[in-house]
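Peer 1: When you get a sec, could you give me coordinates for this:
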Amino acid sequence: MVIYLKKKIGQFINRNIKQHFMELVEGEDALIFKLHNKIPFVNKSLVVKHRNTGKRLVIKFSHGEAVLSKEDLRTIGELGVYDIYLKADTFNRAFLKRTRFDVQNRVKALIDKENHMIFEAYPTVHSSLSFVYKSALFRSKAESLENHNDFIRLKGRIELFDEVDFDKAELLVASNRNRHEYFDVDYEISGDIINFSVDIQLDDVTMDDFESFWRVDIRLKKDNIILYSIAVKADELNNFTKREDKLLGVVDKPVVDEDETLELCQLFYTNKDYNLRFRIISKEKAKDIIKNARDRDLFNEYMETTDVDRRLIFFESFHGKYSNSPKYIYQKLLELGYGNKYKFVWSYDGDEEIPGNPIIVKSRSEEYYKYLAQSKYWINNTTFAVENKKKGVYLQTWHGTPLKRLGYDITVENPGITWGHFNKESKNWNYLISANEYSTKTFRRAFKFKKTILEYGYPANDVFYLKDDSLKNSIKEKLNIPDNKKVILYAPTFRDDSKDKTGNRFFNINLDLEKIYNNFKEDYILLIKTHSVISDNLDLNKEYEGFIYDLSNYDDIHELFLISDILVTDYSSVFFDFAHSRRPILFFTPDMENYIKERGVYREVIDDLPGPQLLDNDELVKAIENIDLIKERYAEKYNFFYDKYCSFGQGESSKKVVDLLFKDLK
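Peer 2: As a prediction, the model looks like this:
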């Protein structure tokens, strides 16, 4: 009985300590930590731990408060970052939990004016409470940003820690491209407060400044010698209860590119440390950033006010297409009768009719976020725009076996992909589908994924194991593809370095279309399917009509796999899926060396490729002309590849997923 009670009490303490937070109160000689979510019947302590050395200070709570004094700081002594923990002791057992950051604690500090030191709070990347302990002569706060169309007027104050003999106040704005601009600051002194005003106006902004980031520092000088410089804090400009609060204002700039197609602006903002910054970007990009912040705020509101419907299932594929594994899981649910009792929502931006009469919402619309918050089940093959699903089940189907390095496996600099949002969103996944053992190992490592991996194979690949040709025939009929012609599918990936001046990726085709046309127009047709992140249509010569089909905007590449006799690709993971067909694959890789350098690939896969690597168009033409010889030459390697990378699923993937996730719902 005693052991049982100890266990239950331990579970109660552990549950409550995870939910605690602290309110900080600035005193003249101390910083007070007020503990909320109080845990009864245990001794509680505040633990202040140096991140690098491990040196710690432990202060007991009394009446829900722990007091950190200037003398305590002097005892600690070491400068640097300190992390905050709550410790609870009971039954000879200690519970220790990081304290989360609360917005009301932004930039709270303990100032030791006598020794010119500051102990200042900030949120970490994971929204925990930490402090930085450093020397300082003053701190600076922004009080207003006034938009004057082509410049911004910054007003604020400097709080002196001691008397400072200076003759000039100056604002420095410095970009990440080593450009520096200086502005004289108008100021008035009142005791230990200096009120200042300064106009930030970059008159000579050029296209070289596009996508640059700028920090804003204020400094005091004497005889042109810098006495002290510090970032201007923006923590008083907004309540910062929403993501949009961090976007502080936009200033138009009269700068356009040489084609007069790209207008620039300055987006002023602050991030987790509440330092004032700005970024020079296109107006369209600024609008998108602001919309994304508002979208996340909208979703958070729905999460707080909407109940979860346990019979609502939300599907998304490639940010608004009806395709890939989510489509085939959905169709299996309809086939097995789940549509009679349960509601389905599709994020879909197309205009074709989706069977089963689901609720259709446009991606990133208000309805999209409302139904996303209501749905117990999320099924996606990429990522959602939000990161904080707290209830229900999230099935990440993923798409493709990795050839390009992913996540934490990326070792090259500037790979062209931002993983910050992805890493946060992936923590919500309850299940992740894998197509083979190699993917399982890669996902575990590259995503640092610790939850359940379903080694079922991709549901989208079930189409390769259909026992009749009715779907294949209907696709050909829909696309007006003649039965007497063979089909070549060209499906390359995107290039990280193929971007226009706005940052959007474009399709840089490597094929010599004229050569392909002249050699194969009698026996083949050519389908071109660009990557999902590229939406451009190709500008094709009318001469190629009836031979080249630009299907870049066709949702479901698996339907194209089904009707194709040959796949031509490069570094796209589509060939792993297409290998289920056992039809020939040609790897057209004229920029292999540069691609590996810029992006990084898994060498293990390069060694296993089930077809030839072709470095120019002449080699490609010759390979197509001798495709039967290629099949024979690579038969053994293809069989090895199939056994290694196509080992899961083989026609039963969708049913396995449905049986696992929804067997109790039918």
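
Peer 1: I'd like the distance from D89 to K18, if you could.
Peer 2: 16 Å (CB to CB, to the nearest Å). For glycine as for every other residue, the C-beta is placed from the backbone atoms N, C-alpha and C.

Peer 1: Sorry, slip of the keys, the one I care about is K448.
Peer 2: With CB to CB as the criterion, K448 and K18 are 21 Å apart.

Peer 1: before we move on, what about D483?
Peer 2: D483 is 63 Å from K18, by CB to CB.

Peer 1: same question, I360
Peer 2: 39 Å.

Peer 1: Which one of the two is surrounded by more residues?
Peer 2: I360 (16 against 13; other CB atoms under 10 Å).

Peer 1: quick one: pLDDT of that one?
Peer 2: At I360, the pLDDT value in this model is 98.

Peer 1: check contacts around it.
Peer 2: By CB atoms under 8 Å, 6 or more residues apart in numbering, the contact set of I360 is V345, W346, Y348, I354.

Peer 1: can you pull the contacts of E352?
Peer 2: Contacts of E352 (CB under 8 Å, 6+ apart): Y322, D555.

Peer 1: and if you look at G649?
Peer 2: Applying CB under 8 Å, 6+ apart, the residues near G649 are A435, Y456, G457, Y458, P459, N461, D462, K656.

Peer 1: Skipping adjacent residues, who's closest to it in space?
Peer 2: Nearest residue to G649, sequence neighbours excluded (CB to CB, 6 or more residues apart in numbering): G457, at 2.0 Å.

Peer 1: which SSE is that neighbour in?
Peer 2: Using DSSP states H and E, G457 is not contained in any helix or strand.

Peer 1: Is it in contact with S654, as I believe?
Peer 2: No: using CB atoms under 8 Å as the test, G457 is too far from S654 to be in contact (9.5 Å).

Peer 1: one step back: for the residue nearest to G649, give its distance to N52.
Peer 2: G457 is 46 Å from N52, by CB to CB.

Peer 1: And M22, by the same measure?
Peer 2: 23 Å.

Peer 1: Please apply the same query to S62.
Peer 2: From S62 to N52 the distance is 30 Å (CB to CB).

Peer 1: first to last residue in stretch 178-197, what's the distance?
Peer 2: End-to-end distance of stretch 178-197 (CA to CA, to the nearest Å): 25 Å.

Peer 1: any idea of the mean pLDDT for it?
Peer 2: Rounded mean pLDDT across stretch 178-197 is 95.

Peer 1: Not counting its own residues, what contacts that stretch?
Peer 2: By CB under 8 Å, 6+ apart, stretch 178-197 touches 138, 153-161, 168-174, 198-202, 209, 212, 218.

Peer 1: what are the ranges of the helices in the stretch 451-600 of the chain?
Peer 2: 470-479, 513-520, 557-563, 574-578, 592-598 (DSSP state H, counting those that start in this stretch).

Peer 1: quick one, which of those is nearest to L661?
Peer 2: helix 557-563 (21.1 Å; CB to CB).

Peer 1: in what helix or strand does E301 lie?
Peer 2: Assigned by DSSP H and E, E301 falls in helix 283-305.

Peer 1: Over that helix, what's the mean pLDDT, rounded is fine.
Peer 2: Helix 283-305 comes out at a mean pLDDT of 92.

Peer 1: Give the other helices and strands that it contacts.
Peer 2: strand 247-256, strand 263-270, helix 366-374 (3 or more CB pairs under 8 Å, 6 or more residues apart in numbering; DSSP states H and E).

Peer 1: Deepest-packed of these, please.
Peer 2: strand 263-270 (a mean of 22; mean count of other CB atoms under 10 Å).

Peer 1: and the angle for that one with helix 283-305?
Peer 2: 40 degrees (axes from the mean of the first three to the mean of the last three CA atoms, to 10 degrees).

Peer 1: Could you tell me how far strand 263-270 lies from the centre of the chain?
Peer 2: Strand 263-270 has its C-alpha centroid displaced from the chain centroid by 21 Å (CA atoms, centre = their mean, to the nearest Å).

Peer 1: Tell me the strands beside that strand, with direction?
Peer 2: strand 247-256 (antiparallel), strand 276-282 (antiparallel) (DSSP bridges).

Peer 1: now these as JSON lines including distance to L471?
Peer 2: Listed next are those as JSON lines, based on distance: least, CB to CB, whole Å:
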{"stretch": "strand 247-256", "distance to L471": "47"}
{"stretch": "strand 276-282", "distance to L471": "43"}
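
Peer 1: which stretch in these has the least confidence?
Peer 2: Minimum mean pLDDT among the strands paired with strand 263-270: strand 247-256, a mean of 78.

Peer 1: Could you report the separation of L264 from F161?
Peer 2: Counting by CB to CB - L264 and F161 are separated by 39 Å.

Peer 1: Then L24?
Peer 2: With the distance defined as CB to CB, L24 ends up 19 Å from F161.

Peer 1: Next: N238.
Peer 2: N238 is 26 Å from F161, by CB to CB.

Peer 1: Give me the more crowded residue out of these two.
Peer 2: F161 (20 against 15).

Peer 1: Does the more buried one touch F138 like I think?
Peer 2: Yes: using CB under 8 Å as the test, F161 is close enough to F138 to be in contact (5.7 Å).

Peer 1: quick one: secondary structure of K441?
Peer 2: Assigned with DSSP: H, G, I helix; E, B strand; the rest coil, K441 falls in the helix class.

Peer 1: Neighbours of it, how many?
Peer 2: Around K441 there are 12 residues (other CB under 10 Å).

Peer 1: now it: how far from S325?
Peer 2: From K441 to S325 the distance is 20 Å (CB to CB).

Peer 1: Repeat that for K362.
Peer 2: Where S325 is concerned, K362 sits at a distance of 21 Å (CB to CB).
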